[in-house]
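>>> next come a sequence and a model predicted from it.
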Amino acid sequence: MAVMPILLLMVTAADEPKLVPDVSQREVEIQYSFTGADLLLFGAIVYPDGRRPDKAADIVVVLKGPDQSIMMREKQKVAGIWVNADSARFRSAPSFYAMASSRPIARIVDERTAAIYEMGLDKLQLSPASLNDNAELERFQAGLVDLRRKTALFVERPGTVEITDGVLYRARLPLSARVIVGDYTAETFLVQDGRVVAAAVRDITIRKSGFERFMAVAADRWSFLYGLAAIALAVGMGWAAGAIARRF
C-alpha cells in the first residue's frame, strides 16, 4: 500500500492544488448472482485561487484490495507426470489491483516515482519471502501477474482517465466477480511535470449479503455448530439420494 507517500503529501505548501475525489459505490454487496461491478472514480482538482497551470496535469487512479500471503508453485513434467518443482512465497500481494491513468505511466512519471506509488503492475511491491535470485524472483512475479490478469484481478487501463476543462476527472475500473470481501482503497494521484503534487484516498467496503453473508457469519462465529450442521446436511442429502435411487 502506498500509505507513507500519501502521508508525506499531506504536508504540502499552501499554493499546491488539492484533490476532491469520490467513488460511485462506497459499499459493494456480493450475492450468489454477483458477476462483477463497474466502479466510477471521479472528482475535481482544486487549484489555489482557481488558477490552472498552463500545462495540463495528469491523473492516476489505483484501486487495491486487501493484501494476501501467496504461495506460488511451478510445475514441471517428470516422466510424463506433472509435479511441483520450485516455489515462492509473497508476504503481501494485493488480492485485487486496478489502475487507470490519463496517459501511459511512462509519459507521466519516471521509473522511481512509479515504483514509490506502485503505478503499474510491474511496480507492485510483492514482498518476496523465499527467493534470493533476481531472475527467479522476476519469473515468479511475472507468473503471478499473468495468472491474476487472466482472472481480471489485475487490471491496467492507461489513457482512460478523462479530464474535463483541466478540473473534473473520471475513470471507470472493473471489479472482478472473483474479488474477496474486505476493505479496499481507491487512491487518486495528481501529477504535474512528473511530480506527484496531491493525493487522496477513498475507502470501499466489499461484503457478502443475503444468505451468503449469513453462512459466512455463521462459519466465523459458530464454527463448531456450523460444522455439525454441514455434516448433518451432507448425511441427510446422501440418505435422501439413496432413498430416491432405491425407488427407481
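It's in. Note that the structure is a prediction, hence the values are computed from the model and not measured. Numbers count the residues shown, from 1 in each chain.
>>> okay, CA-based contacts and neighbour counts for the rest of this
Will do.
>>> thinking residue 109 is in contact with residue 189, fair?
No - in this structure, residue 109 is not within contact of residue 189 by C-alpha atoms under 8 Å, at 11.3 Å.
>>> more crowded one of those two?
For residue 109 versus residue 189, neighbours defined as other C-alpha atoms under 10 Å are more numerous around residue 189 (23 against 19).
>>> low-confidence bits of the chain, can you list those?
Scanning the chain for pLDDT under 70 picks out 1-15, 76-80, 82-85, 130-133, 209-222, 224-226, 229, 248.
>>> go through it and flag its longest helix.
If you go by DSSP state H, the chain has its longest helix at helix 223-247.
>>> and it, how far from the chain's centre?
Chain-centre distance of helix 223-247: 38 Å, with C-alpha atoms, centre = their mean, to the nearest Å.
>>> list the helices and strands that helix packs on?
Judged by 3 or more C-alpha pairs under 8 Å, 6 or more residues apart in numbering; DSSP states H and E, the packing partners of helix 223-247 are helix 210-221.
>>> quick check: which element contains the residue lying closest to residue 167 once chain neighbours are set aside?
Excluding the flanking residues, the one nearest residue 167 by C-alpha to C-alpha, 6 or more residues apart in numbering is residue 45, at 4.9 Å. In this structure, residue 45 is located in strand 37-46 according to DSSP states H and E.
>>> for residue 127, give me phi and psi.
Main-chain torsions, residue 127, degrees, to the nearest 10: phi 50, psi 70.
>>> distance check, it against residue 140.
Residue 127 is 12 Å from residue 140, where distance means C-alpha to C-alpha, to the nearest Å.
>>> what of residue 23?
Residue 23 is 33 Å from residue 140, by C-alpha to C-alpha.
>>> quick one: which of the two has more around it?
residue 140 (21 against 18).
>>> which strands and helices sit next to the helix or strand where the more buried one lies?
Taking DSSP H and E as the definition, one finds residue 140 inside helix 134-150. In terms of contacts (3+ C-alpha pairs under 8 Å, 6+ apart), helix 134-150 is packed against strand 154-158.
>>> returning to that earlier point: next one: the strand holding residue 45 to chain centre, how far?
On C-alpha atoms, centre = their mean, the centre of strand 37-46 falls 16 Å from that of its chain.
>>> and whichever helix or strand comes after it, which strands flank it?
Scanning forward in sequence from strand 37-46 by DSSP H and E, the next helix or strand is strand 58-64. Applying DSSP bridges, strand 58-64 is found paired with strand 97-101 (antiparallel), strand 182-192 (antiparallel).
>>> export these to a markdown table and tack on distance to residue 242?
Formatted as a markdown table, the strands paired with strand 58-64 follow (distance: least, C-alpha to C-alpha, whole Å):
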| stretch | distance to residue 242 |
| --- | --- |
| strand 97-101 | 47 |
| strand 182-192 | 41 |
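>>> let me know which of those strands is tucked in deepest.
The highest mean neighbour count among those, using mean count of other C-alpha atoms under 10 Å, belongs to strand 97-101: a mean of 26.
>>> how far does that one sit from its chain's centre?
Distance of strand 97-101 from the chain centroid (C-alpha atoms, centre = their mean) equals 9 Å.
>>> go on, stretch 94-107?
Centre to centre, stretch against its chain (C-alpha atoms, centre = their mean), the figure for stretch 94-107 is 11 Å.
>>> now do stretch 118-127
Counting by C-alpha atoms, centre = their mean, stretch 118-127 comes out at 11 Å from the chain centroid.
>>> again, but for stretch 146-162
For stretch 146-162, the distance to the chain centre is 10 Å (C-alpha atoms, centre = their mean).
>>> and that stretch, how far apart are its ends?
Using C-alpha to C-alpha, the two ends of stretch 146-162 sit 27 Å apart.
>>> please apply the same query to stretch 161-170.
6 Å.
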